[in-house]
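**Q** Okay, sequence plus prediction incoming.
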Amino acid sequence: MMAEAVESQFLNTEQIERWPAGKTLFQEGEEPRGIYFIHAGEVDLVFSARNGNSRTLRVSHPGDAVGLSDAIANSPHDCTATTRTAARIGFVPLSELRQMLNDSPALWFRILQFLSQDINACWDSMRTISAR
Amino acid sequence: MPSPYNLEIHNTCTECSVRAERIFCNMTQSTVSALDSIKFTGVYPKGSLLFVEGEQPRGVFILCSGRAKLTTSSTEGKTLIVKIAEPGEVLGASATILGKPYEVSAETIEPAQLNFIKREDFLKFLNIHSEACMHTAQQLSEKYHSAQREIRSLGLSQTTAEKLAKLILDWCERNGEDTPKGTRLKVLLTHEEIAQMIGTTRETVTRLLSDFKRRKLIDVKGSTVVVMQKHDLEHMVSI
């Protein structure tokens, strides 16, 4: 449905960096700065309770876009994202994402695909957690 | 005018009186006209299964009125309610967009009006109307955040009592009505369904609700729950 040229807009815009394990991409409660595309490695999504307890309840893998939903909703991050392993991660700042979506509405469909993947991953985590 | 289940039926989206209040439906007249031309309106009784987990996606259902439960099965075969969908929500969108089997099942828990859109028509509609993509993205984003909240509750709560207290407080926030006695709620879910929302058994829910009643935290009469000691429930929740 989406032309490859449209997809490549993301690739042309993102700043790809290598991250060591244990580095934080964003903290729970922070305002979104952009979205993170995982090209290699894994990222832990850590949830914290008021009493200080925190647990990794989801893990993001290559092909996932981390922080996308918060960027779309412009709402603070609801978890902390930390690299579990060394990772190669592309970053697209929020202002550039908005500009791209204004200039190329066809990109919205790609966003829908990422969000749909995210929701499926959440439901998968819920199945796993409820079986514990 | 008489209608099935006394529902207020909206036959055309362009003339729908509640459209402006709904995230997905609140689009321009021309986009909504296009939506009208591809949707099929249906009225469903309570207990209608709209789609099942693992089924190839046929399309999306827009929940115009009534509510539906979205369920999934854990690896151990336990049923888990992942969400109670409210009017205005689009059901089955992620599977329809990805072209992968539905990840959850959807079943009405009260009589409901739903507009069905076939998968190929919905994808074409999204392709032509970027505004519809934006509104679908907002819907998906809301679903994602709701799922993240559930993950937090399931994964971080220390006890089942805490999970139940959190669920009751969430209901108070969304649908509670303040009265001199406390916050009044209409709970149309069975104990079995409440158990499926917090990943426990029906027996545990019945025991915990009795315990909450004995401690005068809540009062239950039929489907009406009055939360008398909200503060004490809040104290039980650490997430």
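**A** Structure's in. What do you need?
**Q** Can you tell me how far residue B:174 is from residue A:78?
**A** Separation of residue B:174 from residue A:78 (C-beta to C-beta, to the nearest Å): 17 Å. To be clear about C-beta, it is placed using only N, CA and C from the backbone, and glycine gets the same treatment.
**Q** So these two - more neighbours on which side?
**A** The residue with more neighbours, out of residue B:174 and residue A:78, is residue A:78; 18 against 10, by other C-beta atoms under 10 Å in any protein chain shown.
**Q** which residues touch the closest residue to the more buried one other than its chain neighbours?
**A** Leaving out its chain neighbours, the residue that sits closest to residue A:78 by C-beta to C-beta, 6 or more residues apart in numbering or on different chains is residue B:148, at 5.0 Å. With contact taken as C-beta atoms under 8 Å, 6 or more residues apart in numbering or on different chains, residue B:148 is in contact with A:78, A:79, A:122.
**Q** how many neighbours does the spatially closest residue to residue B:88 that is not a sequence neighbour have?
**A** Spatially, and ignoring its direct neighbours in sequence, residue B:88 is nearest to residue B:22 (3.5 Å; C-beta to C-beta, 6+ apart). Residue B:22: 21 surrounding residues under other C-beta under 10 Å.
**Q** For the chain, give me the ranges with low pLDDT.
**A** With no chain named, the answer covers chain A. For chain A, the stretches flagged by pLDDT under 70 are A:1-7.
**Q** looking at chain B here, not the other one
**A** In chain B (pLDDT under 70), no residue qualifies.
**Q** Flag every residue of chain A that's near chain B.
**A** When proximity is defined by C-beta under 8 Å from any C-beta of the partner chain, chain A lies next to chain B at A:1, A:47-51, A:53, A:55, A:57-58, A:69, A:72-73, A:75, A:78-79, A:105-106, A:108-109, A:111-113, A:115-120, A:122-131.
**Q** Now find how far off-centre stretch B:222-234 is within its chain.
**A** Taking the mean of its C-alpha atoms, stretch B:222-234 sits 21 Å from the chain's own mean (C-alpha atoms, centre = their mean, to the nearest Å).
**Q** May I see the buried residues of it?
**A** Buried residues in stretch B:222-234, counting neighbours by 16 or more other C-beta atoms under 10 Å in any protein chain shown, are found at B:225, B:226, B:227, B:228, B:230, B:233.
**Q** Tell me the one of those residues nearest residue B:199?
**A** When those are ranked by distance to residue B:199 (C-beta to C-beta), residue B:233 comes first, at 18.9 Å.
**Q** Out of the contacts of residue B:148, flag the one nearest to chain B.
**A** The nearest member of these to chain B, counting by C-beta to the nearest C-beta, is residue A:122 at 3.5 Å.
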